[in-house]
Each structure stands twice: as structure tokens, then as C-alpha cells.
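[1] structure, please.
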Amino acid sequence: MAQKIGNPIDAYILKFPESVQVMLEEVREAIKAVAPEEQEKISYQIPTFYLNGNLVHFAANKNTIGFYPTPSAISAFEEALEGYKKSKGAVQFPMDAPMPIQLIKKMVAFRVKENRDQSGKK
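    Okay, here's the model as predicted:
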């Protein structure tokens, strides 16, 4: 029986092996727990969460789950991200370790506040 695909992020996740799907769903659920009113979409060909503008993105790579919370969040959580490979607006979480769900939730909460503050200034 074919699995029903509810939205484009479901389709994205289903392209990967089951072990990767589990990690992607963990990240997705962490985001939704903090920002339940967000909208899910595909942007830049990866899962994107939108709330008063782009909130965060995530993606499966060869050996990592990429999490893209913008440069401001990477900077704000610099110390907590110590030990992870990161760039200006992204961090890579290795697939051979548990996903740092609490850290992801904190970063999403930071981005929610940031987006709400910015949208209130317009």
C-alpha cells in the first residue's frame, strides 16, 4: 500500500532511507513544537518553515542533517554549537549521533522571536 503524501515536506523526507527519515522527522517535530503556527513549504529545494518570513530550513546531506537558522541564530548560539561544523548561516549535525533536539528548539524559539520582532517593526 502506497504511503499518502500530505505535503511537499512529506515527499522530501520519504526520498531518504528510513534511518534518515527518523532524524528529519525529529527535527521537523522540534520545529513544530516551538512554532506550531508556522507554514511548511519547500524553498531552495529543501524543507522550509515560514513564520513572518523564512524561519528555518533543514536538509539531509551525505552524513549530516543540515540546519539553517540564519546567521543571527548561528552567532547567538556560537558557544552551544561548539564542536559542530558550521558556517555563517548553517550547522551540520552528524547522522551518527543523536539530534540535539533541545538546542534546535532553542534556536527555533530565537528565530520565532526575531521574526515576530522584525514583523512588528514594519
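
[2] wait, a strand at residue 65?
    Yes: assessed with DSSP: H, G, I helix; E, B strand; the rest coil, residue 65 lies in a strand.

[3] what is the longest helix along the chain packed up against?
    With DSSP state H setting the assignment, residue counts place helix 101-121 as the longest helix in the chain. Contacts defined by 3 or more Cβ pairs under 8 Å, 6 or more residues apart in numbering; DSSP states H and E place helix 101-121 against helix 18-34, strand 54-60, helix 71-76. Placement of C-beta: from N, CA and C, glycine included.

[4] from residue 87, how far out is residue 99?
    Going from residue 99 to residue 87 by Cβ to Cβ, to the nearest Å gives 19 Å.

[5] of those two, who's got more company?
    The neighbour comparison of residue 99 against residue 87 (other Cβ atoms under 10 Å) goes to residue 99, with 19 against 11.

[6] sorry, back to before: and the angle from the longest helix of the chain to helix 18-34?
    40 degrees (axes from the mean of the first three to the mean of the last three Cα atoms, to 10 degrees).

[7] residues contacting the residue most central in space within the chain?
    Geometric centre of the chain, nearest residue: residue 58, 4.0 Å, by Cα atoms, centre = their mean. Residue 58 makes contact with 24, 27-28, 31, 46-47, 65-68, according to Cβ atoms under 8 Å, 6 or more residues apart in numbering.

[8] buried subset of those residues, written for ChimeraX?
    Only the buried entries of the contacts of residue 58 go into this ChimeraX selection, using 16 or more other Cβ atoms under 10 Å:
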select :24,27,28,31,47,65,66,67,68
